[in-house]
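Participant: Here you go, sequence then predicted model.
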Amino acid sequence: MARLRDIVFDCARPAGTARFWAAALDGYAVAPYDDEELARLEALGITDVEDDPTVLVESSRGGPRLWFQLVPEDKSGKNRVHLDLSAPDVEAEAERLVGLGATVRDRFADHLVLADPEGNEFCVAGQNG
């Protein structure tokens, strides 16, 4: 039976979007750039990791990896799949996420809808919501 490995985001700016999500999620970090990874980028003619067309964000707790990949087209329309986050204080968490670059899109009684810097929608609800 299959198991979830990666959640993939199409992006115009993979490195920046990856950093947003690494900062947004507890226990996640951008995968380190070792010599092999830097050599892969150099073979592609890329000398700055900010220009990396594919950036991986990993969980220290064994959760699914988040993969950010460069695509040529702009985002058009609402996400067909989105992430739901939980926090003990929804408003405080939304304020923190906005400080990282998110935008509040909508408010409901039990959750908020936000968008990451690329416009990908996600929700924040209370831990019991």
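Facilitator: Great, that's in hand. Residues are numbered from 1 along each chain as shown.

Participant: Report the central residue of this protein.
Facilitator: By Cα atoms, centre = their mean, the chain has its centre lying nearest to residue 21, at 3.4 Å.

Participant: For the strand or helix carrying it, which helices and strands make contact with it?
Facilitator: In this structure, residue 21 sits in helix 14-24 according to DSSP states H and E. Helices and strands touching helix 14-24, as assessed by 3 or more Cβ pairs under 8 Å, 6 or more residues apart in numbering; DSSP states H and E, comprise strand 6-11, strand 28-30, strand 54-59, strand 65-70, helix 90-100. Every residue, glycine included, has its C-beta placed from N, CA and C.

Participant: Is it possible to get CSV of these that adds mean pLDDT?
Facilitator: CSV is the format used below for these (pLDDT from 0 to 100):
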stretch, mean pLDDT
strand 6-11, 95
strand 28-30, 98
strand 54-59, 97
strand 65-70, 96
helix 90-100, 97
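
Participant: Cool, thanks, signing off.
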